[in-house]
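Trainee: with the sequence up front, the predicted model follows.
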Amino acid sequence: MNWLSGSKTPHTGRGTWHIIARKASVLGAALLLSGCGLLSLAYNQLPNLSYWWLDDYFDFNTAQSTQVRNGLDALALWHKQNELQPYATLLDQASTLATNGFTAEQACQWMDTATARVDALVAQAAPLAVPVMASLTAAQLAHYQGYIDERNEQWQDEQLRASPQDQLAFRLERSLKQLERFYGRLSTEQQAQVSQLLASSSYQASEAFERRTANQARLWAWLQAVQQAPVANHGAMAQGLLDVWHTSKQWPQARRLQWCEQVVAFHDIMSPAQRQTASETLAAYAQDLRAIASK
């Protein structure tokens, strides 16, 4: 169900299989959805937004809706009490790196630390997810699979079946939006440089789609297994969900390093003023998070 209109219309944005982890990731979604001045409002609304995202996938019944909402509220409270300060520290570190410049190794180290915070969230969310996932009906599982198939078709249209020029244009649009969120407006020359960096990267849409569908298959196998698991085995099923998550985020070392190098390359084309803008934006996020945590 669309959270704005109340209709069962599919979202048009990209999505991945690990909806429980990413859609429940209150901080990450807040940073993507809001500007600094709106962070508190977005953060406080995330349990509700996360519910509607998940409902799009599973079409919850009344009893399940209550369980999911209660679980998301508990997850949000835990996150506020335990995770906002570490995230603020991470953002402080990113702010300093944006000002001083950084190496690919430093970018990878920062990413690994940030990923550990997401891992903590997933570990907290997994036991809450198991009872609801175990209660899904055959019709709900079919709804989920149909929704995934629809999203995959869209993904292929945008990134796999499109011409190389259209694929690059799609990636460029996404990258510019992300970069300008932190650095401010990029010049025409900088936009061309970003396009060149993307064109020269080793990214392959076919490889990304294979990873995507492999991750979806692992989650589907877990959903099938949890339907058969007795309540006494729910702890083991939560661990199984964590295993699916950890497998999904494993990158080949070469790909990981290439991603970090690209982050550095993007940063290097920015002007001193743009780097300062990014530093101030990240510092403001950190300040907002500490203010939220203190309330």
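Mentor: Happy to help now that I have it. Residues are numbered from 1 along each chain as shown.
Trainee: and the helices in this protein?
Mentor: Per DSSP state H, the chain carries helices over the ranges 19-23, 26-33, 39-58, 62-82, 84-100, 104-134, 138-159, 164-183, 188-200, 205-228, 234-248, 253-268, 272-294.
Trainee: most neighbours per residue, which of those helices?
Mentor: helix 19-23 (a mean of 22; mean count of other CB atoms under 10 Å). (C-beta placed from N, C-alpha, C; glycine too.)
Trainee: what mean pLDDT does that one get?
Mentor: Averaging pLDDT along helix 19-23 yields 43.
Trainee: use 39 as the first number for this chain going forward.
Mentor: With the count now opening at 39, the last piece we talked about shows up as helix 57-61.
Trainee: go ahead and confirm Phe140 touches Phe304.
Mentor: No: taking contacts as CB atoms under 8 Å, Phe140 lies outside contact range of Phe304: 11.5 Å.
Trainee: just the pLDDT for Ala167.
Mentor: Note for Ala167: predicted pLDDT of 96.
Trainee: okay, it and Gln105: tell me how far apart.
Mentor: As judged by CB to CB, to the nearest Å, Ala167 and Gln105 stand 10 Å apart.
Trainee: quick check: Pro268 vs Ala274, distance?
Mentor: In this view, Pro268 and Ala274 are 10 Å apart by CB to CB.
Trainee: do Glu196 as well
Mentor: 38 Å.
Trainee: do the same with Tyr185
Mentor: 27 Å.
Trainee: same question for Thr104.
Mentor: According to CB to CB, Thr104 and Ala274 sit 25 Å apart.
Trainee: equivalent analysis for Ala255, please.
Mentor: In terms of CB to CB, Ala255 sits 20 Å off from Ala274.
Trainee: before we move on, what about Thr315?
Mentor: Relative to Ala274, Thr315 is positioned 48 Å away (CB to CB).
Trainee: for Tyr81, same thing?
Mentor: The gap separating Tyr81 from Ala274 is 33 Å, by CB to CB.
Trainee: and Ala176, by the same measure?
Mentor: According to CB to CB, Ala176 and Ala274 sit 23 Å apart.
Trainee: for Trp116, same thing?
Mentor: For Trp116, the distance to Ala274 (CB to CB) stands at 22 Å.
Trainee: cool, Gln291 as well?
Mentor: Distance from Gln291 to Ala274, by CB to CB: 30 Å.
Trainee: check Ala101 too.
Mentor: Ala101 sits 24 Å away from Ala274 when distances are taken as CB to CB.
Trainee: enumerate every residue touching the closest residue to Leu129 other than its chain neighbours.
Mentor: With sequence-adjacent residues excluded and distances taken as CB to CB, 6 or more residues apart in numbering, Leu129 is closest to Ala324, at 3.8 Å. Taking CB atoms under 8 Å, 6 or more residues apart in numbering, we find Ala324 in contact with Tyr125, Ala126, Thr127, Leu129, Asp130, Ser133.
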